[in-house]
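next one to model:
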Amino acid sequence: MERAFLTMKISRLRIRPVHVCSEDHVRAHVFLCMLACHMEWHMRCRLAQILIEDDDREGARARRSSPVENTEVSVSAGAKGDTKRIPDGLSVHSFTTLLGDWATPMQNDVTLRGGSDHAFPLMAKPTELQRRAFELLDIDPAKDVAM
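The predicted model follows:
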């Protein structure tokens, strides 16, 4: 169990080891790591269209004649794997590279020459990939991102 927990933290979530002593801290730490893992799973499900993952599991299941037979990828996943693109023309990503791409949007605090009372926040325009990912997650950066 400890090896699985460490693998989850290092490989996917990239959380540095946290050494806690009290029982409450251990419980809180495990809860937060499991919550992050659960959120990642939900995000992967919603973002499967643009990730290097099979987004048509029912189609893949239909290609098997027996439940014990090796799973084949669906036709759409095969096309994504061959072309490295989704039908929209965007390139497919791993979850890690998508998170890296999401690290680029930023909010700029713009101050006009008139003084600090003439300042306002300005969110950078998202790339096409970022826009598509926000759409799949049902997030509107203009509304849902705190400014």
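
how far off centre is stretch 23-43?
Here the centre of stretch 23-43 is set off from its chain's centre by 16 Å, with CA atoms, centre = their mean, to the nearest Å.

average pLDDT for that stretch, rounded please.
Averaged over stretch 23-43, pLDDT sits at 83.

list the buried ones in it?
Neighbour counts over stretch 23-43 (16 or more other CB atoms under 10 Å) mark 29, 33, 43 as buried. From N, CA and C alone the C-beta is placed, and that goes for glycine too.

of all those residues, which comes closest to residue 77?
residue 43 (18.1 Å; CB to CB).

now do the contacts for that closest one.
Residue 43 makes contact with 95, 137, according to CB atoms under 8 Å, 6 or more residues apart in numbering.

try the one 4 residues further on
The neighbourhood of residue 47, defined by CB under 8 Å, 6+ apart, consists of 95, 98, 133, 136-137.

quick one: the helices in the chain?
2-7, 23-46, 57-62, 75-83, 95-102, 128-136, 141-144 (DSSP state H).

quick check: residue 52 touching residue 80?
Yes: under the criterion of CB atoms under 8 Å, residue 52 makes contact with residue 80 at 7.0 Å.

domains in this protein, as residue ranges please.
Domain assignment for the chain, taken from automatic domain parsing, gives 2-102, 103-147.
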